[in-house]
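Asker: predicted model and sequence follow; I will ask about them next.
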2 protein chains.
Amino acid sequence: MREFDLLQRIYAANVSLGERVAIPPGDDLAQINLTDRRLLVGVDQLVVGRHVNAARTSIEQIARKAIARSVSDIAAMAGRPLASLVAAVLPPDFGQERAGRFADALRESAAELDCPLIGGDVAFHSDPSHPLICSVTVLAEPASDHPITRSGALVGDTVYVTGELGGAVEPDGTGRHLTFAPRVKEAIELATNLGGRLHAMIDISDGLGRDASHIAESSGTQIRIDAGRLPRHEDLDWQAAMSGGEDYELCFTAAGEVPARLGEVPVTAIGEVVESPGEDAPLVLVQAEGREVRADELGWQHES
Amino acid sequence: MREFDLLQRIYAANVSLGERVAIPPGDDLAQINLTDRRLLVGVDQLVVGRHVNAARTSIEQIARKAIARSVSDIAAMAGRPLASLVAAVLPPDFGQERAGRFADALRESAAELDCPLIGGDVAFHSDPSHPLICSVTVLAEPASDHPITRSGALVGDTVYVTGELGGAVEPDGTGRHLTFAPRVKEAIELATNLGGRLHAMIDISDGLGRDASHIAESSGTQIRIDAGRLPRHEDLDWQAAMSGGEDYELCFTAAGEVPARLGEVPVTAIGEVVESPGEDAPLVLVQAEGREVRADELGWQHES
């Protein structure tokens, strides 16, 4: 399959780009016009065999997850999706039919998540044993006065999460990590309704323990989590809810009243932002079963 | 090596980002502020073993080529580089020292090419035999009234190329494709000086034959090239100059006078834009040795 043909297919029927795309896909670069001058941008990638199970995941699920996890980064900043670009490397024996389905699924997932595909590059591995890789760049605009970063948490804030945590990746590789809805709408609602009281936010990709520690570290604070208040998926224990990862829910800190639901998505207070006791102090402490556990001992920080 | 540590290293000492970067690397997304609302964006990628020779290419050369080929796409549109983002997948046994050198080289190459790195993601393969992959997204702004696309060529235009063509990839994998300077400055000078007379432009990555055919196809025209006028590298034949690829020079079409040099880079008239004789007619015809050769028979369009 020619690279050029595949790109043409990615771009085919891309009629939902709207007036903002001044130069559509197919040139050296695309041109998109912003409504203001502030651009949010980031890149994330998916490696088959690492981030999804090669045997148990369809082409369509791979494409959707690749797009959705990058769009989840937009939610984490309370951004409004603008456009996406994909770079993919496919095994050489991938075949025209599957490559076409993959391209279609990327385009459709991007459109479903209001983040239309405006650019891309497709290459092929030299060896059939090399895994499919898909990197997704997303562009977004702040949906409120300012984007919500990880570094704005203030001592005295309450810590919240949306939805349920844990068990997003089943032992066989299936699970919610293949079907989640990035919390874009909910994040924009939060930022709009809370205004300056919404201080810090992140999406939970590596597990609540690790992601909350990013907020604590960036903000120069400590976060204390009450294990008993964690909204656990089904009957999982609190450790699974803290460290499972791939939930793609929001974790945020705010002052004052916060709604108990955003649409149909529950919002749960799980802890508080406190002053850091010092440089070597744990970033996240969990109060569980009458004792305090350092969250960095839950083993979520994978080496590779 | 922890993913997080490597990203920190990519972002370390990134003091040249300037005032335009409102949210620096390290959050879910970065924020950059544009000078106007028109954004150029594209993605390209480099697969070790496909685009560079694994045994003959240093980590630093891989990093520089990955950044430079994406920046060359900015030149092709006469854009002004704004920022770059990198997603890389490294072999699991890559090692901390090499990973650190790679991160440093990405950051330094991006800074050298005025396209500072503002975001990134690093993942690891599951198997040491899987190749290093690096996708680079670039952001740019139009440097003139409007970006120069592939589709603006007009019948009667003269076709030009910058620099010399052919032999950019030596048989052993070394060569100019590892050291080229993207023609950003030259493209901006062209767009500024020629104004509305600069009609279409592309950078030569796949070989002049193939890239000129993209202009011809997008513009609904035919391009005729005089083989005797091609600025051939050393004593290469015209076929090598047409089909070698990886030159990263500019091919453009313009009306009226064009300077013979842009700084130290020669500009050579090599052909003309003519009316397409019909849908099945060749996009590019080469006049060589008293006959006409269809450029699409030169065998540059690689299947994979």
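Answerer: The structure has been received and is ready for your questions.
Asker: got the residues of the stretch 151-300 of chain A near chain B?
Answerer: With Cβ under 8 Å from any Cβ of the partner chain as the criterion, the stretch 151-300 of chain A meets chain B at residues A:Ser151, A:Ile202, A:Asp203, A:Ser218. In this view, the C-beta of every residue, glycine as well, is placed from N, C-alpha and C.
Asker: swap in 10 Å and give it another go.
Answerer: By Cβ under 10 Å from any Cβ of the partner chain, the part of the stretch 151-300 of chain A that sits against chain B consists of A:Ser151, A:Ala200, A:Met201, A:Ile202, A:Asp203, A:Ser205, A:Asp206, A:Arg210, A:Asp211, A:His214, A:Ser218.
Asker: mind listing which of those residues are in strands?
Answerer: A:Ala200, A:Met201, A:Ile202, A:Asp203 (DSSP state E).
Asker: number of nearby residues for the third one?
Answerer: Spelled out, it's A:Ile202. 27 (other Cβ atoms under 10 Å in any protein chain shown).
Asker: just the second one next, same as before
Answerer: Around A:Met201 there are 28 other residues, counting by other Cβ under 10 Å.
Asker: next: the last one.
Answerer: A:Asp203 is surrounded by 25 other residues when neighbours are defined as other Cβ under 10 Å.
Asker: I'd guessed it sits against A:Glu249; true?
Answerer: Yes: taking contacts as Cβ atoms under 10 Å, A:Asp203 lies within contact range of A:Glu249: 7.1 Å.
Asker: touching both of those two, which residues are there?
Answerer: Shared contacts of A:Asp203 and A:Glu249, defined by Cβ atoms under 10 Å, 6 or more residues apart in numbering or on different chains, comprise A:Ser72, A:Ala75, A:Thr162, A:Pro182, A:Arg183, A:Asp211.
Asker: mind putting those residues in CSV, pLDDT included?
Answerer: Shown next, in CSV, are these (pLDDT from 0 to 100):
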residue, pLDDT
A:Ser72, 98
A:Ala75, 98
A:Thr162, 98
A:Pro182, 98
A:Arg183, 98
A:Asp211, 95
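Asker: helix, strand or coil: sort out the residue most central in space within chain A for me.
Answerer: Nearest to the geometric centre of chain A sits A:Ser72, at 3.0 Å (Cα atoms, centre = their mean). Using DSSP: H, G, I helix; E, B strand; the rest coil, the structure places A:Ser72 in helix.
Asker: what do you get for the one 3 residues further on?
Answerer: Look at A:Ala75: counting by three-state DSSP, its state is helix.
Asker: show me the shaky parts of chain A.
Answerer: By pLDDT under 70, the low-scoring segments of chain A are A:1-8, A:10-17, A:299-304.
Asker: again, 50 this time
Answerer: For chain A, the stretches flagged by pLDDT under 50 are A:301-304.
Asker: break it into its domains for me.
Answerer: Following automatic domain parsing, chain A resolves into domains at A:3-142, A:158-294.
Asker: so which of these gets nearest B:Ser58?
Answerer: Comparison of these against B:Ser58 by Cβ to Cβ identifies domain A:3-142 as nearest, at 19.9 Å.
Asker: run the chain-centre distance for the closest one.
Answerer: Here domain A:3-142 is found 14 Å from its chain centre; the criterion is Cα atoms, centre = their mean, to the nearest Å.
Asker: what does stretch A:226-246 give?
Answerer: 18 Å.
Asker: all the strands of the stretch 51-200 of chain A, residue numbers only.
Answerer: Ranges of strands in the stretch 51-200 of chain A, per DSSP state E, counting those that start in this stretch, are A:79-90, A:117-124, A:133-142, A:158-162, A:198-203.
Asker: hmm, back to that, kindly compare burial across the domains of chain A and name the winner.
Answerer: Highest mean neighbour count of the domains of chain A: domain A:3-142, a mean of 21 (counted as mean count of other Cβ atoms under 10 Å in any protein chain shown).
Asker: surely A:Ser243 meets A:Gly207?
Answerer: Yes: A:Ser243 lies in contact with A:Gly207 (Cβ under 10 Å); the separation is 4.4 Å.
Asker: part of a strand, is A:Cys251?
Answerer: Yes: judged by three-state DSSP, A:Cys251 forms part of a strand.
Asker: beta-bridge partners for A:Arg291, please?
Answerer: Beta bridges link A:Arg291 to A:Ala288 when assigned by DSSP bridges.
Asker: oops, could you answer that again for A:Val138 instead?
Answerer: Legend: beta-bridge partners of A:Val138 under DSSP bridges are A:Gly42, A:Ser84.
Asker: residues in contact with it?
Answerer: Residues near A:Val138 by Cβ under 10 Å, 6+ apart: A:40-44, A:67, A:69-74, A:79, A:81-85, A:110, A:113, A:115, B:29, B:137.
Asker: now A:Ala227. Its backbone dihedrals?
Answerer: phi -60, psi -30 (degrees, to the nearest 10).
Asker: how near is the nearest residue to it once chain neighbours are set aside to chain B?
Answerer: Spatial nearest neighbour of A:Ala227, excluding adjacent residues (Cβ to Cβ, 6 or more residues apart in numbering or on different chains): A:Ala288 at 3.5 Å. Using Cβ to the nearest Cβ, to the nearest Å, A:Ala288 is found at 25 Å from chain B.
Asker: does A:Ala288 touch A:Gly209 like I think?
Answerer: No: using Cβ under 10 Å as the test, A:Ala288 is too far from A:Gly209 to be in contact (11.8 Å).
Asker: overlap in contacts, those two.
Answerer: Joint contacts of A:Ala288 and A:Gly209 (Cβ under 10 Å, 6+ apart) are A:Ile225, A:Gln239, A:Met242.
Asker: let me have the residues you listed in a markdown table, extended by secondary structure.
Answerer: Shown next, in a markdown table, are the shared contacts of A:Ala288 and A:Gly209 (three-state DSSP):
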| residue | secondary structure |
| --- | --- |
| A:Ile225 | strand |
| A:Gln239 | helix |
| A:Met242 | helix |
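Asker: closest one to chain B out of these, please.
Answerer: Checking those against chain B by Cβ to the nearest Cβ gives A:Met242 as the nearest, at 17.6 Å.
Asker: quick one, what contacts that closest one?
Answerer: Contacts for A:Met242 (Cβ under 10 Å, 6+ apart) come out as A:165-166, A:204, A:207-210, A:212, A:225, A:227, A:230, A:232, A:236, A:270, A:284, A:286, A:288, A:293, A:295, A:298, A:300.
Asker: now with 7 Å, please.
Answerer: Each residue near A:Met242 by Cβ atoms under 7 Å, 6 or more residues apart in numbering or on different chains is listed here: A:Gly207, A:Leu208, A:Gly209, A:Val286, A:Ala295, A:Leu298.
Asker: the fifth one: neighbour count?
Answerer: Taking other Cβ under 10 Å as the criterion, the count of residues near A:Ala295 is 24.
Asker: A:Leu165 and A:Leu230 touch, don't they?
Answerer: Yes: between A:Leu165 and A:Leu230 a contact is recorded at 6.1 Å, counting by Cβ atoms under 7 Å.
Asker: in the stretch 101-250 of chain A, what residue is nearest chain B?
Answerer: A:Ser135 (3.7 Å).
Asker: got a list of what that residue touches?
Answerer: With Cβ under 7 Å, 6+ apart, A:Ser135 has these contacts: A:Val43, A:Gln45, A:Ala87, B:Ala87, B:Ser135.
Asker: mind putting those into CSV with distance to B:Gly120?
Answerer: Below are the contacts of A:Ser135 laid out as CSV (distance: Cβ to Cβ, whole Å):
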residue, distance to B:Gly120
A:Val43, 7
A:Gln45, 10
A:Ala87, 13
B:Ala87, 7
B:Ser135, 10
